[in-house]
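In: With the sequence up front, the predicted model follows.
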Amino acid sequence: MKNIPYLGLTHDQFVKRLKESQKAVYFLRDYIESKGFKTYVPELRIAPNQEVRADYSDEIDLMFYRKNGDEVRVEVKQLSNYFNETNWKYNSIIVNSITGYNSKEIKPDVHVCLSKCRKFAAVIDNSNLDKWYLKTVYDRVKKRDLKFYFLDKKYVKFVKL
């Protein structure tokens, strides 16, 4: 049963992608810590099979603490395209999948999308939540149409890391 595709991915493919995505989380954690902030990354728990995968899903990728002690919950996305702080070639950006976002009991305060080279990031905070819109697009990895939240790039902060 382990290799029966779920949303276009076998369990082995899902685990491989999960472990790769965790590298992006650790990269961002190290960057945030280098700026003097304390962080917390929950232990990665990997489901033994796809039937119980939902029981292992995480609520957050990363949390950091502002100087006043406030928690900031961060969703980390590693993108497959290159961009910099002035060159995002699309009119909008994918914030998150509808299922990925809606499944979280406590929503992230910010989404950080890393450029493939990890020298730049697109930062989306919840101040523009009312500007998010749903759009169905074909997911090349999962090989099917899926709904995603999008945001016009004018509301995104592109930064050099």
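Out: Yep, it's here. For clarity, every value in this text was computed on a predicted model and none was experimentally measured.
In: buried sites along the helix or strand where residue 151 lies?
Out: Assigned by DSSP states H and E, residue 151 belongs to strand 144-152. Neighbour counts over strand 144-152 (16 or more other Cβ atoms under 10 Å) mark 146, 148, 149, 150, 151 as buried. No exception for glycine: its C-beta is placed from N, CA and C like everyone else's.
In: Give me the next element, helix or strand, following the helix or strand bottoming out on mean pLDDT in the chain.
Out: Ranking every helix and strand in the chain by mean pLDDT, DSSP states H and E puts helix 11-34 at the bottom, with a mean of 87. Note on helix 11-34: by DSSP H and E, the next helix or strand toward the C-terminus is strand 38-40.
In: What pairs with that next one, parallel or antiparallel?
Out: Neighbouring strands of strand 38-40 in its sheet, by DSSP bridges, are strand 62-65 (antiparallel).
In: can you tell me which residues contact residue 86?
Out: Counting by Cβ atoms under 8 Å, 6 or more residues apart in numbering, residue 86 makes contact with residue 158.
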